[in-house]
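> Fold the following and give me the result.
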Amino acid sequence: MPFDRPTLDTLVERISSDIETRITGANSLLRRSVLKVFTRIWAGAIHLLYGFLEYEADQLFASSADTEDLENIADEYGITRKAAAKSTGEAGATGGNGILIPEGTELQTVDGVIYETTADVTTALGVATISLEAQEGGSDGNQDAGTTVSFISPIAGIDNDATVDSDGLIGGTDEETDYALRERVLSRKRLPPHGGADFDYVAWALEVSGVTRAWSFPLYQGVGTIALTFVRDDDLSIIPTDAQRQTVYDYIIEHEDPGSGETVGIPVTAEPGFFVPALTELSVDFEININPNTSEVQAEVQEQLEDLILRDGGPGNTLYLSRINEAISLSANENYHTLVSPSSNVSATAAQVHVLGTITFGSA
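Below is the predicted model:
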């Protein structure tokens with residue numbers, strides 16, 4: 001049967017009752033008597049011990065453990081927290097001809113994010129393409145195309161400002177959160193490795209920094225083939241670049257065994273039939289008449305639809321109208337609504353991933 005932790009008042013009453021029944025003349029504990037004080041001191045100490053035991057019990061399970069103990073449990077399964085990754089990319093610098101921009105030169109954005117050049121480069125015809133890497137890992141290092149980065153220590157003959165190229169500065173990811181690590185540990189416990197089952201590919205992909213969701217497709221091109229697709233929800237674009245897809249491919253082909261630490265990779269027979277195809281966005285637009293049609297309710301509906309797409313969307317998945325209506329109804333201050341569009345379930349192919357498009361609101 002379940003054990004209910006007694007409250008502090010309950011412990012005080014129990015100790016007081018024990019004293020009154022076991023000590024002659026203690027049947028009337030005065031408020032400021034020594035025995036009355038002792039009952040509260042003892043009850044407080046015991047209540048603290050109950051709290052510690054409750055805390056320790058939570059640390060036994062991945063679903064409730066705190067940061068340190070969650071990492072300890074993860075370590076037992078060979079799972080480590082994904083470290084923050086640094087943003088990389090290129091920028092265009094201008095100035096005189098034949099001027100060297102040395103490796104390790106520091107540049108920064110207006111909000112103070114610092115980057116370093118990763119190779120020596122010399123201007124030709126007054127321009128140079130410099131390769132940049134953020135000094136610190138994290139998503140703050142990601143920048144849109146056209147962002148200005150400035151030399152911290154100006155170089156004679158080089159204009160102080162450089163411009164991030166059309167690909168942007170990308171790939172920066174924050175350290176894995178407790179929530180994401182917890183989900184990976186729970187998935188590992190529920191789906192033990194099978195040496196190449198379809199869910200193994202998803203687990204391997206999620207071990208790569210920046211990968212937040214992944215899907216596998218057995219029999220992708222017939223018997224003996226499998227495809228793996230993934231997204232990076234914390235990047236400027238959730239669609240991985242060719243380089244990021246190659247990184248995941250290389251990792252899955254040759255990765256470490258959690259138990260032995262040896263490099264194992266996928267089964268040798270699976271490698272020729274393993275694919276990491278490119279994804280495209282399937283934008284889902286919504287037209288919704290709601291009551292009340294206020295900015296507060298609109299924001300709540302948008303948040304619920306974003307969560308729905310994260311949960312139910314993805315390659316090969318379907319957003320069902322019933323689930324869309326349910327998500328809208330979960331908005332705290334929504335009274336009722338009419339979903340005008342989409343008018344049918346929204347299915348994605350194996351090469352598409354649902355993303356939130358435009359939401360048009362009207363009054364119901």
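> drop to CA atoms for contacts and neighbour counts, all remaining ones
OK.
> for this protein, what spans make up the helices?
Along the chain, counting by DSSP state H, helices occupy 8-22, 34-58, 67-76, 178-190, 198-206, 242-253, 295-312, 321-329.
> Tell me how many other residues crowd the residue lying closest to F274 once chain neighbours are set aside.
Counting by C-alpha to C-alpha, 6 or more residues apart in numbering, F274 lies nearest to I226, which is 5.2 Å off, once chain neighbours are set aside. A total of 23 residues lie near I226 under the criterion other C-alpha atoms under 10 Å.
> do you know how far the closest residue in space to V185 that isn't next to it in sequence is from T212?
In space, and not counting its chain neighbours, V185 is closest to A74: 5.9 Å by C-alpha to C-alpha, 6+ apart. Counting by C-alpha to C-alpha, to the nearest Å, the separation of A74 from T212 is 18 Å.
> now, of the helices of the chain, which is deepest in the fold?
helix 198-206 (a mean of 21; mean count of other C-alpha atoms under 10 Å).
> Next one: the nearest residue to W204 once chain neighbours are set aside from L169, what distance?
Closest residue to W204 apart from its sequence neighbours, by C-alpha to C-alpha, 6+ apart: I252 at 6.2 Å. Distance from I252 to L169, counting by C-alpha to C-alpha: 25 Å.
> same question, A348
With distances taken as C-alpha to C-alpha, A348 is found 29 Å from L169.
> Have a look at the two and say which one is more surrounded.
Neighbour comparison, A348 and L169: the larger count goes to L169, with 25 against 19 (by other C-alpha under 10 Å).
> give the contact list for the more buried one.
For L169, the contact set (C-alpha atoms under 8 Å, 6 or more residues apart in numbering) comprises 87-90, 141-145.
> tell me the contacts of the residue lying closest to it once chain neighbours are set aside?
Once flanking residues are discounted, L169 sits nearest to G89: 4.5 Å by C-alpha to C-alpha, 6+ apart. Contact analysis of G89 by C-alpha under 8 Å, 6+ apart lists 131-133, 164-165, 167-170.
> in the sheet, who's paired with G89?
L132 (DSSP bridges).
> how close does it sit to I101?
Taking C-alpha to C-alpha, one finds G89 at 16 Å from I101.
> got it, and V353?
From V353 to I101 the distance is 41 Å (C-alpha to C-alpha).
> domains of the chain?
For the chain, automatic domain parsing gives the domain ranges 8-76, 88-164, 191-275, 280-363.
> Figure out the length between the terminal residues of the longest one.
End-to-end distance of domain 191-275 (C-alpha to C-alpha): 22 Å.
> same question, the first one
From its first residue to its last, domain 8-76 covers 37 Å (C-alpha to C-alpha).
> What average pLDDT does stretch 23-39 get?
Averaging pLDDT along stretch 23-39 gives 73.
> what sits against E175?
By C-alpha under 8 Å, 6+ apart, the contact set of E175 is 81-85, 138.
> quick one: low-confidence parts of the stretch 151-300 of the chain?
Across the stretch 151-300 of the chain, the ranges flagged by pLDDT under 70 are 256-271.
> Repeat the analysis, applying 80 as the threshold.
Across the stretch 151-300 of the chain, residues meeting the criterion (pLDDT under 80) sit at 195, 255-272.
> Does G273 touch G224 like I think?
Yes: assessed by C-alpha atoms under 8 Å, G273 is found in contact with G224 at 6.1 Å.
> Let's have the domains of the chain in CSV, adding distance to E176.
Below are the domains of the chain laid out as CSV (distance: least, C-alpha to C-alpha, whole Å):
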stretch, distance to E176
domain 8-76, 11
domain 88-164, 10
domain 191-275, 8
domain 280-363, 17
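> I'd like to know which of those domains is closest to D174.
D174 lies closest, by C-alpha to C-alpha, to one member of the domains of the chain: domain 88-164, at 4.1 Å.
> mind checking the end-to-end distance for the closest one?
Taking C-alpha to C-alpha, domain 88-164 runs 11 Å from one end to the other.
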